[in-house]
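**Q** The following block contains a protein sequence and its predicted model.
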Amino acid sequence: MGNPDYAYPSTNVDCPHRVAIPPPQPFVKSLQYNLKETFFPDDPFRQFKNQPLSRRLILGLQYFFPILEWAPRYTLDFLKADFVSGITIASLAIPQGISYAKLANLPPILGLYSSFVPPLVYAMMGSSRDLAVGTVAVASLLTASMLGNEVNANENPKLYLHLAFTATFFAGVFQACLGLLRLGFIVDFLSHATIVGFMAGAATVVCLQQLKGILGLVQFTHATDLVSVMRSVFSQTHEWRWESAVLGCGFLFFLLLTRYFSKKKPKFFWISAMAPLTSVILGSLLVYLTHAEKHGVQVIGNLKKGLNPPSFGDLVFVSPYLTTALKTGIITGVIALAEGIAVGRSFAMFKNYHIDGNKEMIAFGAMNIVGSCTSCYLTTGPFSRSAVNFNAGCKTAVSNIVMALAVMLTLLFLTPLFHYTPLVVLASIIISAMLGLIDYEAAIHLWHVDKFDFLVCMGAYLGVVFGSVEIGLVIAVAISLLRVLLFVARPKTFVLGNIPDSMIYRNAEQYPNTNNVPGVLILEIDAPIYFANSSYLRERITRWVNEEEDKLRSSGETTLQYVILDMGAVGNIDTSGLSMLEEIKKVMDRRELKLVLANPGAEVMKKLNKAKLIEKIGQEWIYLTVGEAVAACNFMLHTCKQDPPKNDSEAYSNV
């Protein structure tokens, strides 16, 4: 590894800086600090400091009910903007609500119920100004898939309905608990790549399921995988209704055309937003005037008038369905949280304001708990509706209140008008909305940037499309966790070299112009040292040493005498890691090599001190920087040539 042209950087070798050992902290104080860093990184209690009790009470209420904070500053200009936004998203929420309720195998009226009560709750408790609350296709599909495995919605609709309410209740409790216990980081295990693949797969499956409505089929598979759906479609070719197919393709073309036009002309966003309701009106008129329901075109039928009836007494907390409702609630709750928080943060970034993830979880949980008691099923913040709300110029969450009031008027007076709405139009609305969730550009970007993330994305997509929604989710999370484990269990180690004319040491592969230090091998460990990677690091460090000695032996250069470990990236170390360092020290001693540590952090020094490893390595061989360590090693190399010291302590005294 020697370099005859290597110029030794100047440094003050006579007075090297010592690495300090952190002063001992009481266990209780240390535990409090660690808990605060884990669960309260944003320090939510900061605003309560040095405040009188009355002010603390007001701040506490404002934390859980943000409407109390911004309502006093609300203006008439805000009301005008929110009113326009609310009416616009109501025109989208009404047909989508009916469509997604059908997708969940629930009565269509539940889609309207779920667009009335939950938005009111969120308007009081949510921190996002742009999120438009309502039902979503993915959660609806998950509900249908998971509950449908236990109860047939056609054979036992009452029990199925009650289980949907119960699953929504458990989803709300789970979401609220995550927020109250500051456990929002659990949702972070659903990576961006996972969500892209999962959403695209779910959108594909939802589109395939809508072939039932497009083709006018009465009997259809309850399975969601591609093979089962295609088998069900092509085994019933004699049941296909050309009237439904023509009507569905026509309205789908209309919806896609309006979306394309609105993307090209953003000022006309309202054309795309109004297209679903326009399709429902035109489809209903067409069926009514032509009596198409008598020619195979299925319609919604009667929707009862009136506001949400209470449903708390319908919740099912007994065996054998309790486990099913609990599992469905937790899984759909996590997916709803991931989608809602991601959408809220995206639009908050555009408007340069901050939303609190834990506060959002509490708001989502509260609206789903209240919703489950008022005949609603799972709701969150769908991207399509929130995008319309954002483009319409909303200012605050009052747009959700306006939307809820519009839905309330629909429930009270307009539900009979939906009697002749053809199901094929609802299928077209769902397909149109789902095509927007297939983000192939994001998948291409993942391929270019990170192949492993692309693998996670495709694993989620293929798992959903060829297996089921649950299988796709499990595959995606499993691959993501595998990647985390690989990062921990197989951390990177690098050989460092000296940047010419400096005291800077960097990765020799990244900077090919770096100089090798004769007789010294400098290695950087790029991760904390835990039980999962300690054996790997021991073997990898030994291999680096073997390779370096072989290279020096073949070139006939200076023999290797010092191994410096740069510990700057080692944020922590456990007992297995300490044992590994002790073994490395023994191996180095047997091979007559000196182990040197550089830049160990506070936690590492604390553990080294408690394990008595500092004494074994030698305080004199632990340095603040790689530069100081290299300078000391070079000094020893040249000193030893003239007057070899008897032991390490004597050598260090010469420094």
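**A** Alright, I've got the coordinates. Numbers count the residues shown, from 1 in each chain.

**Q** Against which helices or strands is the biggest helix by length in the chain packed?
**A** Counting by DSSP state H, the longest helix found in the chain is helix 322-351. Packing partners of helix 322-351 (3 or more Cβ pairs under 8 Å, 6 or more residues apart in numbering; DSSP states H and E): helix 137-148, helix 157-180, helix 192-209, helix 357-372, helix 383-391, helix 469-489. C-beta: built from backbone N, CA, C; applies to glycine.

**Q** got a markdown table for those, with mean neighbour count and mean pLDDT too?
**A** A markdown table is the format used below for those (neighbours: other Cβ atoms under 10 Å; pLDDT from 0 to 100):
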| stretch | mean neighbour count | mean pLDDT |
| --- | --- | --- |
| helix 137-148 | 25 | 88 |
| helix 157-180 | 23 | 94 |
| helix 192-209 | 25 | 84 |
| helix 357-372 | 25 | 92 |
| helix 383-391 | 24 | 83 |
| helix 469-489 | 18 | 81 |
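
**Q** among the ones you listed, which is nearest I271?
**A** Closest to I271 of those, according to Cβ to Cβ: helix 383-391, at 11.0 Å.

**Q** where does I355 fall, phi/psi-wise?
**A** phi -120, psi 140 (degrees, to the nearest 10).

**Q** what's the answer for D501, then?
**A** Here is the backbone geometry of D501 (degrees, to the nearest 10): phi 60, psi 40.

**Q** For M403, which of the helices and strands packed on helix 322-351 is the nearest?
**A** Among the helices and strands packed on helix 322-351, if distance is taken as Cβ to Cβ, the winner is helix 383-391, at 8.4 Å.

**Q** report the angle between the axes of the closest one and helix 137-148?
**A** Computed by axes from the mean of the first three to the mean of the last three Cα atoms, to 10 degrees, the angle separating helix 383-391 from helix 137-148 equals 150 degrees.

**Q** Tell me the first helix or strand C-terminal of helix 383-391.
**A** helix 398-409 (DSSP states H and E).

**Q** Now do the following helix or strand past that following helix and helix 383-391, the angle between them.
**A** Sequence order places helix 423-435 as the next helix or strand after helix 398-409, per DSSP H and E. Compare the direction of helix 423-435 with that of helix 383-391 by the same axes, to 10 degrees and you get 70 degrees.

**Q** returning to that earlier point: just put the helices and strands packed on helix 322-351 in JSON lines and tack on distance to L307.
**A** Output for the helices and strands packed on helix 322-351, formatted as JSON lines (distance: least, Cβ to Cβ, whole Å):
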{"stretch": "helix 137-148", "distance to L307": "22"}
{"stretch": "helix 157-180", "distance to L307": "16"}
{"stretch": "helix 192-209", "distance to L307": "29"}
{"stretch": "helix 357-372", "distance to L307": "13"}
{"stretch": "helix 383-391", "distance to L307": "21"}
{"stretch": "helix 469-489", "distance to L307": "32"}
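
**Q** Return the distance of whichever strand or helix holds I614 from the chain's centre.
**A** Per DSSP H and E: I614 is located in helix 613-617. Distance of helix 613-617 from the chain centroid (Cα atoms, centre = their mean, to the nearest Å) equals 43 Å.

**Q** other SSEs contacting whichever helix or strand comes after that helix?
**A** As assigned by DSSP H and E, the chain's next helix or strand after helix 613-617 is strand 622-623. Secondary-structure packing of strand 622-623 (3+ Cβ pairs under 8 Å, 6+ apart): strand 594-598.

**Q** Could you list the domains of the chain?
**A** Following automatic domain parsing, one gets these domains for the chain: 10-26+490-652, 68-436.

**Q** can you tell me the distance between the two ends of the longest one?
**A** In this case it means domain 68-436. 36 Å (Cα to Cα, to the nearest Å).

**Q** now do stretch 216-230
**A** Start-to-end, stretch 216-230 (Cα to Cα) is 15 Å.

**Q** Then stretch 220-235?
**A** OK, stretch 220-235 end separation, Cα to Cα: 10 Å.

**Q** Next, the residues that contact it from outside, please.
**A** 141, 144-145, 148, 152, 204-205, 208-209, 211-212, 215, 217, 464-469 (Cβ atoms under 8 Å, 6 or more residues apart in numbering).

**Q** hang on, the earlier thing: lowest-confidence stretch among the domains of the chain?
**A** Mean pLDDT across the domains of the chain is lowest at domain 10-26+490-652; the value there is a mean of 84.

**Q** Check the offset of that one from the chain's centre.
**A** The answer for domain 10-26+490-652 is 38 Å, by Cα atoms, centre = their mean.

**Q** just stretch 236-246 next, same as before
**A** 41 Å.

**Q** Would you mark the buried spots in it?
**A** By neighbour count with 16 or more other Cβ atoms under 10 Å, stretch 236-246 contains the buried residues W240, R241, S244.

**Q** Ignoring the adjacent residues along the chain, who's closest to the last one?
**A** Same thing as S244. Leaving out its chain neighbours, the residue that sits closest to S244 by Cβ to Cβ, 6 or more residues apart in numbering is G216, at 3.4 Å.

**Q** which SS class is T221?
**A** State at T221, reduced to three classes by DSSP: H, G, I helix; E, B strand; the rest coil: coil.

**Q** tell me the phi and psi of it?
**A** Phi and psi for T221, reported as degrees, to the nearest 10, are phi -70, psi 150.

**Q** Count residues in the vicinity of it, would you?
**A** T221 has 17 neighbours, counted by other Cβ atoms under 10 Å.

**Q** repeat for N546
**A** 12.

**Q** residues contacting the residue nearest to S244?
**A** Residues in contact with G216 (Cβ under 8 Å, 6+ apart) are E239, W240, R241, E243, S244, A245, G296, V297, Q298, V424.

**Q** so is it in a helix, a strand, or just coil?
**A** coil.

**Q** ok, now A20?
**A** coil.

**Q** Okay, it and F261: tell me how far apart.
**A** A20 sits 66 Å away from F261, going by Cβ to Cβ, to the nearest Å.

**Q** Who has more neighbours out of these two?
**A** F261 (14 against 9).

**Q** How about the secondary structure of the more buried one?
**A** Relying on three-state DSSP, one would call F261 helix.

**Q** dump the residue contacts of Q219.
**A** By Cβ under 8 Å, 6+ apart, the neighbours of Q219 are Q236, E239.

**Q** Now do it against A104, distance only.
**A** Distance from Q219 to A104, by Cβ to Cβ: 19 Å.

**Q** Could you report the distance from the residue nearest to S244 to A245?
**A** Taken as Cβ to Cβ, the span from G216 to A245 is 7 Å.
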